[in-house]
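1. Provide a 3D model corresponding to the input given below.
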Amino acid sequence: MKRKSLVLVCALLFASCSKQPAQQNAGSASKVTPSSADFRNNVSLATSVAPSQNEFASDFSWYDNSGKLVSLKSLRGKTVLINFWATWCGPCKAELPDIESISKEYASKGLVIVGVSVDKGSDLLNQVSSFVSDNGLTYQIVIDNDDVADAFGNINVIPTSFIVDKDGKIATRWLGERDKTYLESTIKKFLD
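-> Next up, the predicted model:
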């Protein structure tokens, strides 16, 4: 009962956040030179979002830690875990160490993890980057511009996670915190 109440509180907090304008449109993303205002180590602002086409996952892009523009589409051929979360969400914070561990253990097997922070407010890059650093997260974190969550079905409960298969299609989705055993058993199905 406590868990359901906590998820409901997180959902209500998330639902009350105001929309922010998109950072850039998809057509201009490749022409933009990144600056320190766009990314910091493994944390980046989302630069563009394209809605899903047919059965493929919605594409979005960000800067990696070297300043290179990367997109979900460019990760085809790999299995991708996308985890929507926030720095203030208790269940999200509880599962982050397991996600970090899995990121390290399965990277050599073709797993890529992208955390999508749905935090709101000013100075998000510094806020989220500090949280990520303090918690030892090394996988890619993208700060949502509201369009990413909308493109993945208007995410209103966090954590929410997706597995995007090697073909770029959403293979599965789940709501709420999961432990390492669940995460591993689910991910392994899509790595072979």
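
2. right, and the helix or strand after the top helix by length along the chain?
-> Secondary structure of the chain per DSSP state H: the longest helix is helix 90-106. For helix 90-106, the following helix or strand on the C-terminal side (DSSP states H and E) is strand 111-117.

3. Contacts for that following strand, please.
-> Residues from elsewhere that reach strand 111-117 (C-beta atoms under 8 Å, 6 or more residues apart in numbering): 43, 46, 72, 75, 78-87, 96, 99, 102-103, 124, 128, 137, 139-144, 148-149, 187, 191. Glycine gets a C-beta too; all of them are placed from N, C-alpha and C.

4. returning to what we had before: and for the longest helix of the chain, what are the contacting residues?
-> Contact with helix 90-106 is made by 3, 6-7, 10, 81, 83, 85-87, 111, 113, 115, 135-139, 158-159, 176-180, 183-184, 187, 191, as judged by C-beta under 8 Å, 6+ apart.

5. just to revisit the earlier point, which of the contacts of strand 111-117 fall within helices?
-> Counting by DSSP H, the contacts of strand 111-117 place Leu96, Ile99, Ile102, Ser103, Leu124, Val128, Val148, Ala149, Ile187, Leu191 in helices.

6. quick revisit: would you show me how to pick out the buried ones of the contacts of helix 90-106 in ChimeraX?
-> Buried subset of the contacts of helix 90-106, written as a ChimeraX selection, criterion 16 or more other C-beta atoms under 10 Å:
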select :7,10,81,83,85,86,87,111,113,115,137,139,158,159,176,177,178,183,187
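
7. returning to that earlier point: going by neighbour count, which residues in the longest helix of the chain are buried?
-> For helix 90-106, burial by neighbour count (16+ other C-beta under 10 Å) applies to Pro91, Cys92, Lys93, Glu95, Leu96, Asp98, Ile99, Glu100, Ile102, Ser103, Tyr106.

8. Adding pLDDT and distance to Thr172, write these out as JSON lines.
-> Below are the buried residues of helix 90-106 laid out as JSON lines (pLDDT from 0 to 100; distance: C-beta to C-beta, whole Å):
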{"residue": "Pro91", "pLDDT": "97", "distance to Thr172": "19"}
{"residue": "Cys92", "pLDDT": "97", "distance to Thr172": "19"}
{"residue": "Lys93", "pLDDT": "97", "distance to Thr172": "23"}
{"residue": "Glu95", "pLDDT": "97", "distance to Thr172": "16"}
{"residue": "Leu96", "pLDDT": "97", "distance to Thr172": "20"}
{"residue": "Asp98", "pLDDT": "97", "distance to Thr172": "17"}
{"residue": "Ile99", "pLDDT": "97", "distance to Thr172": "16"}
{"residue": "Glu100", "pLDDT": "97", "distance to Thr172": "21"}
{"residue": "Ile102", "pLDDT": "97", "distance to Thr172": "15"}
{"residue": "Ser103", "pLDDT": "96", "distance to Thr172": "18"}
{"residue": "Tyr106", "pLDDT": "96", "distance to Thr172": "16"}
